[in-house]
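**Q** Build me a model:
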Amino acid sequence: MLPAGPASPAARVVWDVSEQGQALLAVLFPHLAGLRVHRVEDTGEAVMIAASCQAGSASCPRCGQPSAQVHGGYGRTVADGAAGGRPVLIVLQVRRFRCRNPGCPAVTFAEQARGLSERYRRRSIPLLAMLAGFGLELAGRAAARLAGTLGIAVHPSTVLRLVAATPDQEITAAPEVLGVDDFALAKGQVYGTVLVDMRTGGVIDLLPDREAATLEAWLTAHPGAGIICRDRAGNYAEGARAGAPGAIQVADRWHLWHNLAEYAEKTVAGHRGCLKDQPGSGDAGGSDAPGTDGTPEQEPPGQAEDGKVPPDGFLDACGRERRLVTRTRDRYAEIRGRLDAGESLSAISRVTGLDRKTVQRFARAGSADELLGKATSRESRLDQFKPYICQRWNQGVTDAAALHAELQERGWAGSVQTVRRYVRPFRQAAAAPDPAPAVPKTRQITRWLLTRPDHLQPDEQAQLAAIRARCPHIDALAGHVTAFAEMMTARTGSRDLEAWLAAVEADDRSGLRSLAAGIRHDQQAVTNGLTLPWNSGRVEGTVNKIKMIKRQMYGRAGFDLLRKRVILHPA
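**A** Numbers count the residues shown, from 1 in each chain. All right, here's what the predicted structure looks like:
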């Protein structure tokens, strides 16, 4: 029997194992159950277990024929898991048998301890499985460090080789509900595709790219997908349609809502200038007095033909039209003229030197002001100081340099020219403007539009109502956003989507026509996404897990190792 307490590390102690000790060792080390343990030796730095096989015969690894004729034997050492922070070494006495099959190329062969040893392996099967599990969870370096704390010495590259040698799960058919999404191998350059079982959340496979042909080939080789959840990427739609023509494609609701939010933000940014009061208007109800960049009511070069002040942000500090505005108007006129003459987008791109996507954006715009909306009405860093400037102006401080010095004491880091541009209209007004709060930022207004009304604070509801009353474009946008949210929440896409698209296409104020056109190209999948309970939430979670696994490997692992870790990693 083994003693109750551990031996002193300085002493070398050897215990002969009795039958009762054999039973105890089989409990502590189940993989030794088929062996005859002779003795246990504590060297102070390691625990050595001397054992031998008990079977009377063994099967040839080449032909499989059993043999009981012993040719000879030798001793081999197999490293096992640690005990008490010290490595365990199994000194195994191995017999060599003669193969009785005359046609077998193997004359002799060595026996293997079932569940413990394999050919050419210097570590036990349980230890290899444990190290591979560490590698799947932690990659090479962290797994090696964890093993070291347990008393197991292993190199990080060895851990990664064990992970790479782990057998793949056999895939014969696609799951009934399949999730498809892309992930970045090198962000902005190389992308792959992840396939997820939507019922279990487990990763089925990783594909090296996100091309339609690759997905089509995989679906053809693995039939059985009845529902395919995806984002709105055209390649996945095409690949799913060709590889699984009978499957129902479901566009993810989150991506639809995200697309709607992007278009909503563009519309709000383009019409934020509508919310800004002009000097002397007398309306200070929750809106900003003068604009972000100052809208001078002064020299004719800065005035429109009807005598009104141009939209805020179109003029520079001297009251002249900004170079950005002039350049955009000229480019828009040139591109529209060439399009009317029958030139293609590619030809216009070559002649003007602009990117084809830029030319396409100009071609799709209804006017130059639509292109200038975001650039000329965006929020300014001066917005939070404007009420103070108005207050000090009414108190008699009309020198821009003095105002600039006071603003610097309050945290302003901009130039005096910005302050001078802002107060220029005040000198032309009949009376000094009253201080007014700044216009809410574009993203803040967008957030109010995309939030449930009952989740907004009373003051936020009041501000949003005032904004909708002042800008018909934002009011029209809010109506369409609310209708889409109700349809998505209640999943009534099969009943209400067509009416929503028709309403958006008939409304030229909301800025959602491009979104409606994109939905038309993928309308059936969008209808399914707004009707069926499935979505791509589990796929998005898997993509985040892939990012974590990539960071563990410091970007040094190839696609094959990444695929192995992602597929075999627990869901």
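
**Q** In the stretch 1-150 of the chain, where is pLDDT below threshold?
**A** Counting by pLDDT under 70, the stretch 1-150 of the chain has low-confidence residues at 1-13.

**Q** which residues of it fall in helices?
**A** 19-28, 125-149 (DSSP state H, counting those that start in this stretch).

**Q** The stretch 201-350 of the chain now?
**A** 212-221, 234-243, 253-270, 323-340, 345-352.

**Q** ok, what's across the strand from the residue lying closest to residue 29 once chain neighbours are set aside?
**A** Counting by C-beta to C-beta, 6 or more residues apart in numbering, residue 29 lies nearest to residue 80, which is 7.3 Å off, once chain neighbours are set aside. From N, CA and C alone the C-beta is placed, and that goes for glycine too. Beta-bridge pairing of residue 80 under DSSP bridges involves residue 88.

**Q** Neighbours of residue 80, how many?
**A** 22 (other C-beta atoms under 10 Å).

**Q** Relative to residue 158, how far out is residue 166?
**A** Distance of residue 166 to residue 158, given as C-beta to C-beta, to the nearest Å: 13 Å.

**Q** And residue 87, by the same measure?
**A** 15 Å.

**Q** Kindly report the same for residue 395.
**A** Counting by C-beta to C-beta, the gap from residue 395 to residue 158 is 77 Å.

**Q** go on, residue 442?
**A** 54 Å.

**Q** what does residue 461 give?
**A** 62 Å.

**Q** quick one: contacts for residue 401?
**A** residue 416 (C-beta atoms under 8 Å, 6 or more residues apart in numbering).

**Q** which residues does the residue nearest to residue 29 contact?
**A** Contacts of residue 80 (C-beta under 8 Å, 6+ apart): 29, 31, 49, 87, 88, 89, 90, 123, 124, 126, 127.

**Q** for the first one, what are its contacts?
**A** The contact partners of residue 29, by C-beta under 8 Å, 6+ apart, come to 49, 80, 88.

**Q** from memory the last one sits against residue 47, does it?
**A** Spelled out, it's residue 88. Yes - Residue 88 is within contact range of residue 47, at 4.9 Å (criterion: C-beta atoms under 8 Å).

**Q** How many neighbouring residues does the closest residue to residue 153 other than its chain neighbours have?
**A** Counting by C-beta to C-beta, 6+ apart, residue 87 is the residue found nearest to residue 153 once chain neighbours are left out, at 7.1 Å. When neighbours are counted by other C-beta under 10 Å, residue 87 registers 18.

**Q** Repeat that for the one 5 residues further on.
**A** Counted with other C-beta under 10 Å, the burial measure for residue 92 works out to 22 neighbours.

**Q** swap in residue 486?
**A** Residue 486 sits with 12 neighbouring residues when counted by other C-beta under 10 Å.

**Q** What helix or strand is it located in?
**A** helix 472-490 (DSSP states H and E).

**Q** Show me what that helix is packed against.
**A** helix 253-270, helix 442-450, helix 458-470, helix 493-506 (3 or more C-beta pairs under 8 Å, 6 or more residues apart in numbering; DSSP states H and E).

**Q** Could you tell me the end-to-end distance of stretch 448-457?
**A** 10 Å (C-alpha to C-alpha, to the nearest Å).

**Q** next one: stretch 57-65
**A** Termini of stretch 57-65 sit 10 Å apart (C-alpha to C-alpha).

**Q** got the buried residues for that stretch?
**A** Under the neighbour-count criterion of 16 or more other C-beta atoms under 10 Å, stretch 57-65 has 58, 59, 60 buried.

**Q** Run a quick check on residue 359 versus residue 352, I expect a contact.
**A** Yes - in this structure, residue 359 is within contact of residue 352 by C-beta under 8 Å, at 7.0 Å.

**Q** neighbour count winner among those two?
**A** residue 359 (24 against 15).

**Q** which residues does the more buried one contact?
**A** 335, 345, 348, 349, 352.

**Q** Is the third one in contact with residue 335, as I believe?
**A** Yes - with contacts counted by C-beta under 8 Å, residue 348 reaches residue 335, the gap being 6.0 Å.

**Q** Just give the closest residue to the residue lying farthest from the centre of the chain, not the sequence neighbours.
**A** Largest separation from the mean C-alpha position in the chain: residue 69, at 61.8 Å (C-alpha atoms, centre = their mean). Spatial nearest neighbour of residue 69, excluding adjacent residues (C-beta to C-beta, 6+ apart): residue 98 at 4.5 Å.

**Q** Check the spacing between the one you found and residue 443 real quick.
**A** With C-beta to C-beta as the criterion, residue 98 and residue 443 are 81 Å apart.
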